[in-house]
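A.B. asks: Fold the following.
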Amino acid sequence: MKLGIARGFCIALLVTTSSAASAREVRTTLCELVSHGQPLSGQRVRFTAICLTDLLERTVLLDKRCPKVHLTPYDSIERPHPSVKRFDGAVRGRIDDLELRQFVVDVSGRFTWHSHNEPYGSLEIQKVWSFKRIHGDWRK
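C.D. replies: Here you go, the predicted model:
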């Protein structure tokens, strides 16, 4: 997602060829990861979330069940899975489409726990299982 990096779009897409990519995948929720994710740090996880981006400054993964917290996805220079490339193309869309990009997305990747003033985390997306663009208020 080289174009994404240039635009500051940080939905991170990484496919690794290491054993981590084929490791056991933990099915969870974004709320659980952000609240109690420290034991899952470094593991491959899968969950459904809202991907929200302005294509310029901010991209986050959100869940309407816990709207005040988020995960930060990030890019990699590694070869992305074909599903990630399809998602990237859908996110970029038409250049004249200035609407905030919002998608319901089912993703899996490596989770990293971070704890500063508040607990949060980041996700290295390895595969996009499904996605659908949504319009309007994502919290509804």
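
A.B. asks: What does the pLDDT read for Ser41?
C.D. replies: Ser41 is assigned a predicted lDDT (pLDDT) of 91.

A.B. asks: So it is in contact with Arg110, correct?
C.D. replies: No - using C-beta atoms under 8 Å, Ser41 is not in contact with Arg110; the gap is 9.2 Å. Bear in mind the C-beta positions are built from the backbone N, C-alpha and C, glycine included.

A.B. asks: For these two, indicate the residue with more neighbours.
C.D. replies: Comparing Ser41 with Arg110 by other C-beta atoms under 10 Å, the one with more neighbours is Arg110, at 22 against 16.

A.B. asks: beta partners of the more buried one?
C.D. replies: Legend: beta-bridge partners of Arg110 under DSSP bridges are Arg44, Glu124.

A.B. asks: The one 4 residues further on too?
C.D. replies: Using DSSP bridges, the beta-bridge partners of His114 come out as Tyr120.

A.B. asks: Nearest residue to the middle of the chain?
C.D. replies: When C-alpha atoms, centre = their mean is applied to the chain, the residue found nearest the centroid is Pro73 (4.4 Å).

A.B. asks: That one and Arg94: what is the separation?
C.D. replies: 22 Å (C-beta to C-beta, to the nearest Å).

A.B. asks: for Val26, same thing?
C.D. replies: Taking C-beta to C-beta, one finds Val26 at 36 Å from Arg94.
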